[in-house]
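Student: Give the three-dimensional model of this entry:
(2 chains)
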Amino acid sequence: MIYLDYNSTTPVLPEVIDTYKESLEQFGNPSNVYKIGREAKKRLEECRREIAEIIGAEKDEIVFTSGGTISNNLSLQGLSLAYGVKKKGILCSMIEHSSVINTINALSKRSFKASFIPVDKDCIVQLDALKRMINDDIFLIACMWANNETGAIQPIYEISEIIKGKNIFFHCDAVQVVGKIKINMKELNISTLSASAHKFYGPKGVGFLYVNKKVKLLPILFGGHQEREIFPGTENLPGIVAMTKALSIVEKEREKEALREKTLKERFFSILQSIYPKIKLNSHFDKCLPGTLNVSFVGKNNSDIMMKLDEKCVYVGKGSACKTGEDKPSHVLLAMGLKKEEYEGAIRISFGRFFREEDLDKLKKAFVEVLQ
Amino acid sequence: MIFKAHIEKILPCIADSTKIRVIVAIDKDFSDLFPYLKAVLKKGFLLKNPPSYSYKKDGKCFSIYRDSIMMTKLKDEGEVWQELSELSNLIEKVMNEKETITPDFTTGKRLSVMDIYKYLPKTNCKACGEASCFAFATKLINEEKNIMECTELFREEYRESRNKLLNILLESGFDIPDVFLEG
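Tutor: Take a look at the predicted model:
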């Protein structure tokens, strides 16, 4: 098997599986005051501190959740309920994940006024357009850190600067970035930031939401007092412990792994160019996640390519994993202005830790046969 | 192929002189399958008299009649035979799976440039690279542009017209960003 869809999900690291199994035995409820509850609470808070340190945040700014989609919902709805009383305007990039756009669409039906910020041909948010779109009614901006389909890294620092002093909240979906790019929340003017463990070699069903200490989210879920009442319910301690372990491992090896993946990506793109000269690169090498390669095999159909690769046990992506299975065009590639024959032939190849250099030859052979 | 075909005429394409349009005679009548083809492809237009089914694919236009097929915007004769082979496969698949397909007898709406233009912002902002919204509508109908290239339309003030236009385009078989479709 050659797995090249790490932007969709990642295998859980063996050390993380061990940690998870061990943590399952620690069954105490962190909300209980007796010993096993206190021990569970202690471990929970140690995880919170460790994750906060890795992303340059304060411990109490980390809210554990069940993943990216719930984090985006908690943030966008929570911010809108808390701060969208007099002001109603929301700006959202055109290339957000469906969990963001669909939440914004739902808010639009509840008196909020959403406009979508365009991107350029490299899938980067147009800052000039963003500046023009900001008016006195805007209270919230949503822009992902890196796009899941193209890997394009967004001008998060510039957006942070643009909104400084404007009383605008900034939600950033960083699901594709955590563990791949250095994050220091102290350098950024971000209100909320979402992450999901299964994108960085942790288990599924667990993630976290950074909530700046000056920001108050109104709850959209109701229950106990856990997780600042933003995400109530008994904490998924084994998942949180495993997520923390995964993040600490990938963070230690982040720079080395990023360089390795970028080198592999560039080498493989050269190989693909030699196999299929009509290939089009859809993400700029220098403004992109190190391991993400989105290319169009112009004149080919991406579903056909995927199916043929599948038969050879080579797994690549077509776009957002949440949309594959539906044979519909990617809103991200449409927003970039790709022509029909370009987006119909687009494939996302995302490298990760378990892809080895020696697999490049096998991979080349598979693509040669499929593209014939 | 499940039908015999021969090319009757090869003419230059009206919209693009570098391409060709062809009329191909066929020896079988598939008109009873037209509503099934429309249901499977989820796009196109049905006409009752004479019976025909027209649809677009990859910027090319196809019209199937009782005894002929008209195709436009093709590169060369090689592509004609390739498309005929694909169409034959599709018709064969529909014949085999007919019992499981709910036929779509609706006529379908053939969009005009005005049908699209009336929902555009009409600001002639040129952000799409075209000189006017009307020029953009023309390119959109020819599938040379996609709806997301009209970035103005994705501003709050055009929410209602955007939604209407997305639905119209979807019904007519155009590629749209379905994540922006609101209920």
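
Student: What is the burial count for the residue nearest to residue B:19 when sequence neighbours are not counted?
Tutor: Using Cβ to Cβ, 6 or more residues apart in numbering or on different chains and skipping residues adjacent in sequence, the residue nearest residue B:19 is residue B:13, 4.0 Å away. C-beta here means a position set from N, CA and C on the backbone, and glycine is covered the same way. Close neighbours of residue B:13, defined as other Cβ atoms under 10 Å in any protein chain shown, add up to 17.

Student: correct me, but residue B:13 touches residue B:21?
Tutor: Yes: Residue B:13 is within contact range of residue B:21, at 4.9 Å (criterion: Cβ atoms under 8 Å).

Student: so what sits against both of the two?
Tutor: B:72, B:73, B:74 (Cβ atoms under 8 Å, 6 or more residues apart in numbering or on different chains).

Student: now, which of those residues sits nearest chain A?
Tutor: Checking the shared contacts of residue B:13 and residue B:21 against chain A by Cβ to the nearest Cβ gives residue B:73 as the nearest, at 12.0 Å.

Student: tell me which residues in the longest helix seen in chain B are buried?
Tutor: Longest helix of chain B, by residue count under DSSP state H: helix B:77-96. Within helix B:77-96, the residues that count as buried by 16 or more other Cβ atoms under 10 Å in any protein chain shown are B:79, B:80, B:83, B:84, B:87, B:91, B:94.

Student: same deal with stretch B:17-28?
Tutor: For stretch B:17-28, the neighbour count (16+ other Cβ under 10 Å) marks B:19, B:20, B:21, B:22, B:24, B:26 as buried.

Student: okay if I get those as TSV plus secondary structure and pLDDT?
Tutor: Listed next are these as TSV, based on DSSP: H, G, I helix; E, B strand; the rest coil; pLDDT from 0 to 100:
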residue	secondary structure	pLDDT
B:19	coil	87
B:20	strand	90
B:21	strand	89
B:22	strand	91
B:24	strand	93
B:26	strand	94
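
Student: Need these in TSV (columns: distance to residue A:174).
Tutor: Output for the buried residues of stretch B:17-28, formatted as TSV (distance: Cβ to Cβ, whole Å):
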residue	distance to residue A:174
B:19	46
B:20	51
B:21	51
B:22	53
B:24	54
B:26	56
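
Student: Now for those: which two are most distant?
Tutor: For the buried residues of stretch B:17-28, the maximum inter-member distance is 21.6 Å, found between B:19 and B:26 (Cβ to Cβ).

Student: And for residue 163, the neighbour number?
Tutor: Using chain A here. Based on other Cβ under 10 Å, the number of other residues close to residue A:163 is 21.

Student: wait, I meant chain B there
Tutor: That count, for residue B:163 with other Cβ under 10 Å as the rule, works out to 17.

Student: tell me which element it falls in.
Tutor: In this assignment (DSSP states H and E), residue B:163 forms part of helix B:159-171.

Student: Near chain A, which residues of chain B are found?
Tutor: Residues of chain B that fall close to chain A, judged by Cβ under 8 Å from any Cβ of the partner chain: B:58-59, B:127, B:143-149, B:151, B:154-156, B:159, B:175-180, B:182-183.

Student: Would you list the buried entries among the residues you listed?
Tutor: Neighbour counting with 16+ other Cβ under 10 Å marks B:59, B:127, B:143, B:145-149, B:151, B:154-156, B:159, B:175-177, B:179-180 as buried within the residues of chain B next to chain A.

Student: count of neighbours near the closest residue to chain B within chain A?
Tutor: Nearest residue of chain A to chain B: residue A:331, at 3.4 Å (Cβ to the nearest Cβ). By other Cβ under 10 Å, 25 other residues sit near residue A:331.

Student: Just the buried ones among the residues of chain B next to chain A: which are in helices?
Tutor: Within those, residues falling in helices by DSSP H are residue B:159.

Student: Let me know the average pLDDT across stretch B:162-178.
Tutor: Taken as a whole, stretch B:162-178 has a mean pLDDT of 89.

Student: Show the end-to-end separation of it, please.
Tutor: The first residue of stretch B:162-178 is 12 Å away from its last residue (Cα to Cα, to the nearest Å).

Student: coming back round to it: please tabulate the shared contacts of residue B:13 and residue B:21 in CSV and include neighbour count and pLDDT as additional columns.
Tutor: Listed next are the shared contacts of residue B:13 and residue B:21 as CSV, based on neighbours: other Cβ atoms under 10 Å in any protein chain shown; pLDDT from 0 to 100:
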residue, neighbour count, pLDDT
B:72, 19, 89
B:73, 22, 86
B:74, 21, 89
